[in-house]
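**Student:** After the sequence you'll find the predicted model.
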Amino acid sequence: MAHLRTTLVVGLVAVAVSAAHARAEELHFYNWSDYIAEDTIPTFEEKTGIDVTYDVFDSNEVLEAKLLAGSTGYDLVVPTGIFMERQVKAGVFQPLDKSKIPNLDNLDPRLMGYLAQLDPGNEHAVIYMWGTTGLGYNVDMVTERLGEDAPLNSYDLLFNPEYLSKLADCGVHILDAPTELLPIALNYLGLDPNTDKPEDFEAVRELLMPIRPHITKFHSSEYINALANGDICLALGWSGDVLQAADRADEAGNDVTVTYVIPTEGTLMWFDTLAIPADAPHPDAAHAMINYLLEPEVAASISNYVAYANANDAAEPYMDEEILNDPRIYPPEDVMARLFPDRASSQAVDRMRTRLWNRFKTGI
Ligand code: N2P
């Protein structure tokens, strides 16, 4: 009898343990490409026993289409702030259970306050990393073609056809996203990057059409290797991606010097956020991953690897000096003052942007 009872108890414990495991043994994480350290996922799997399926994308539009269609199977996704804002409104995400994310306390209250403008009360999302959109270029190829006196810190390189036409032969990539180039072009013209005026979009069209013939490709991730290998000389790209290209060029011993600039005209800054789809199959595992990504050492090791800024106040002691002190990653106040945040736009503005973008890409 005693034996039977023991067997029963052991059996029940085994069932309870495996039930707990069944609840949280898997996680489907959909993140941007080139946006995590090599050991981030394996260490999480070791610590928690949760088996992570990790997929990548390079476009908010692709992520959004999946989220709006629903049943993605993803437990954790990384939309940029303005996309997250409208996805929250569409009911795509579940509210975070903050009791499961004690590391929320590590986040910079100023930046989270900022994010609260997109997600009131920070109910659905936390900052993963943030950065800027700017110019990445091959120093030798560009100076060879434009001379030392060219405005190498200016968006003139991209928007002035006199310069861009001389770079066409060495290759120019542009992020394949209207929400990146169009606000930057508006700002370059001295217009409100978040305008809703049709005449402002017309002015942007006039700016962009003459440079169209000199653009080799619209793509949002290939430029990293293309810059690193010397296959292109200019990209409109994301800060950390260009800095990764510079590292890859060094590591490969390619005779290529890549640099990133935040142009003097000012540029776009953005926040990428962690959010859990409303129909996520494993929300507990997603909360565990968010909490893990907000551990100071983990956030620091990701920033050290991908060259994007985190919003984790407690991470600072674990950051590489060269990342923390790089003004292109953590811009000083005077540069911050020239950055403008992306903002969600109305459907009417989205339509104008999309129409303009399609005309620009097709060149007609
Ligand atoms: C990572 C790109 C993330 C920046 N490759 C997009 N907001």
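**Tutor:** Here it is on my side, so go on.
**Student:** Could you count how many residues lie near the residue lying closest to H287 once chain neighbours are set aside?
**Tutor:** Among residues not flanking H287 along the chain, K100 sits closest, at 3.9 Å (Cβ to Cβ, 6 or more residues apart in numbering). The C-beta positions use only the backbone N, C-alpha and C, and glycine is treated the same way. K100 has 14 neighbours, counted by other Cβ atoms under 10 Å.
**Student:** so who does K100 touch?
**Tutor:** Residues counted as contacts of K100 (Cβ atoms under 8 Å, 6 or more residues apart in numbering) are 284, 287-288, 291.
**Student:** Then P210?
**Tutor:** Counted by Cβ under 8 Å, 6+ apart, P210 has contacts P161.
**Student:** Is it possible to get the contacts of K100 out as JSON lines so that each row also shows distance to T53 and pLDDT?
**Tutor:** Compiled in JSON lines, those are given as follows (distance: Cβ to Cβ, whole Å; pLDDT from 0 to 100):
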{"residue": "D284", "distance to T53": "16", "pLDDT": "97"}
{"residue": "H287", "distance to T53": "17", "pLDDT": "98"}
{"residue": "A288", "distance to T53": "15", "pLDDT": "98"}
{"residue": "N291", "distance to T53": "19", "pLDDT": "98"}
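**Student:** Closest to V77 out of the residues you listed?
**Tutor:** Closest approach between the contacts of K100 and V77, by Cβ to Cβ: H287, at 13.8 Å.
**Student:** what about the closest one, neighbour count?
**Tutor:** Number of residues near H287 (other Cβ under 10 Å) recorded here: 21.
**Student:** what's the answer for the one 3 residues further on, then?
**Tutor:** Burial of I290 is recorded as 22 neighbouring residues (other Cβ under 10 Å).
**Student:** Figure out the helix or strand that it lives in.
**Tutor:** helix 283-293 (DSSP states H and E).
**Student:** Could you identify the helix or strand that succeeds that helix?
**Tutor:** Per DSSP H and E, the first helix or strand lying C-terminal to helix 283-293 is helix 296-306.
**Student:** Can I get the contacts of K100 in CSV including distance to the ligand?
**Tutor:** Shown next, in CSV, are these (distance: Cβ to the nearest ligand atom, whole Å):
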residue, distance to the ligand
D284, 27
H287, 23
A288, 23
N291, 22
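**Student:** ok, so of those, who is nearest L76?
**Tutor:** Relative to L76, the closest of the contacts of K100 is H287; by Cβ to Cβ it sits at 9.0 Å.
**Student:** ok, the closest one - contacts?
**Tutor:** Listed by Cβ under 8 Å, 6+ apart, the contact set of H287 reads 96-97, 100-101, 276.
**Student:** Any quick PyMOL command for the buried ones out of these?
**Tutor:** Here is the PyMOL selection string for the buried members of the contacts of H287, based on 16 or more other Cβ atoms under 10 Å:
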select buried, resi 96+101+276
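**Student:** Name the nearest of the contacts of H287 relative to the ligand.
**Tutor:** Distance to the ligand across the contacts of H287 (Cβ to the nearest ligand atom) is lowest for I276, with 18.7 Å.
**Student:** check contacts around that closest one.
**Tutor:** Contacts for I276 (Cβ under 8 Å, 6+ apart) come out as 75-77, 93-94, 96, 124, 283, 286-287, 290.
**Student:** Tell me how many other residues crowd the closest residue to it other than its chain neighbours.
**Tutor:** Excluding the flanking residues, the one nearest I276 by Cβ to Cβ, 6+ apart is A286, at 4.5 Å. If you count neighbours by other Cβ under 10 Å, A286 ends up with 28.
**Student:** Since that was my last question, I'll sign off now.
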